[in-house]
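**Q** Give me coordinates for this.
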Amino acid sequence: MTIAAQIIFLHGASSSGKSTIARRLQQRIEKPFWHISIDHLRDAGVLPRDRFDSGEFDWREARPVFFDGFHRSLAAYADAGNNLILEHILDTEGWLATLRRLLAPHDVFFVAVHCPLDVLIAREAARADRPIGSAQRDFETIHVGRTYDLELSGLDDPDSNVERLLSAWRSGRRVSDFNRK
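**A** Below you'll find the model as predicted:
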């Protein structure tokens, strides 16, 4: 049995500020929300990252099935009634359509997190946990043709962003790609 859940989907380039917003949001929102991201799986050691990094395993081969499982897991969490704050980058053709289908029974609030390219590049270099150039690739493509419920700047104060997000989310207004019939 599917129980409708609420999902706040933060979408932005690598290093745009999604995690900072998500952590602050989880502290402020009036209901329990899981904070889910690929970074959590990476940092927890779910993937044999060293073996991918060394070339022993081929990430290009493993990536499609990994993300298929990740997307299905999001639906399973939500179908069980868990509210989610999701950080994700829709950087592959077809992922939006897949997630629209999987998350259709749920209230998805789709939020863009924008950040200037020079800031993304500097943050990516400082983090040293991303392939150099991924932020620029994301910057150039991921927001093209997308319709959001809210757009934020990763340069704005995180608490101000969370206040804007909560106000827009609480309004119930949904106009994004996830809410088009």
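
**Q** Need the contact partners of the longest helix belonging to the chain.
**A** Ranked by residue count under DSSP state H, the longest helix found in the chain is helix 59-79. Applying C-beta atoms under 8 Å, 6 or more residues apart in numbering, the set of residues contacting helix 59-79 from outside is 2-3, 5, 7, 34, 36, 38, 41, 47, 52, 84, 86, 92, 95, 98-99, 102-103, 105-106. Where C-beta positions appear, they are placed from N, C-alpha and C, glycine not excepted.

**Q** Could you do stretch 146-160 as well?
**A** With contact meaning C-beta under 8 Å, 6+ apart, stretch 146-160 is reached by 11-12, 16-18, 20-21, 24, 90, 96, 109-116, 119, 161, 164-165, 168-169, 173-177, 179-180.

**Q** which of those residues are buried?
**A** The neighbour-count criterion (16 or more other C-beta atoms under 10 Å) marks 11-12, 16-18, 21, 24, 90, 96, 109-115, 119, 161, 164-165, 168-169, 176-177, 179 among those as buried.

**Q** Which of those fall in helices?
**A** Counting by DSSP H, these place 18, 21, 24, 96, 119, 161, 164-165, 168-169 in helices.

**Q** now those in TSV, with pLDDT and distance to residue 127?
**A** Formatted as TSV, these follow (pLDDT from 0 to 100; distance: C-beta to C-beta, whole Å):
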residue	pLDDT	distance to residue 127
18	95	13
21	98	16
24	97	19
96	97	26
119	89	12
161	98	20
164	98	25
165	98	23
168	98	28
169	98	28
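
**Q** show me what contacts the residue nearest to residue 138 when sequence neighbours are not counted?
**A** Closest residue in space to residue 138, ignoring its immediate chain neighbours: residue 13 at 3.5 Å, by C-beta to C-beta, 6 or more residues apart in numbering. The contact partners of residue 13, taken as C-beta under 8 Å, 6+ apart, are 89, 113, 115, 120, 135, 138-139, 142.

**Q** Report the residue spans of this structure with pLDDT below the cut-off.
**A** 1-2, 128-130, 181 (pLDDT under 70).
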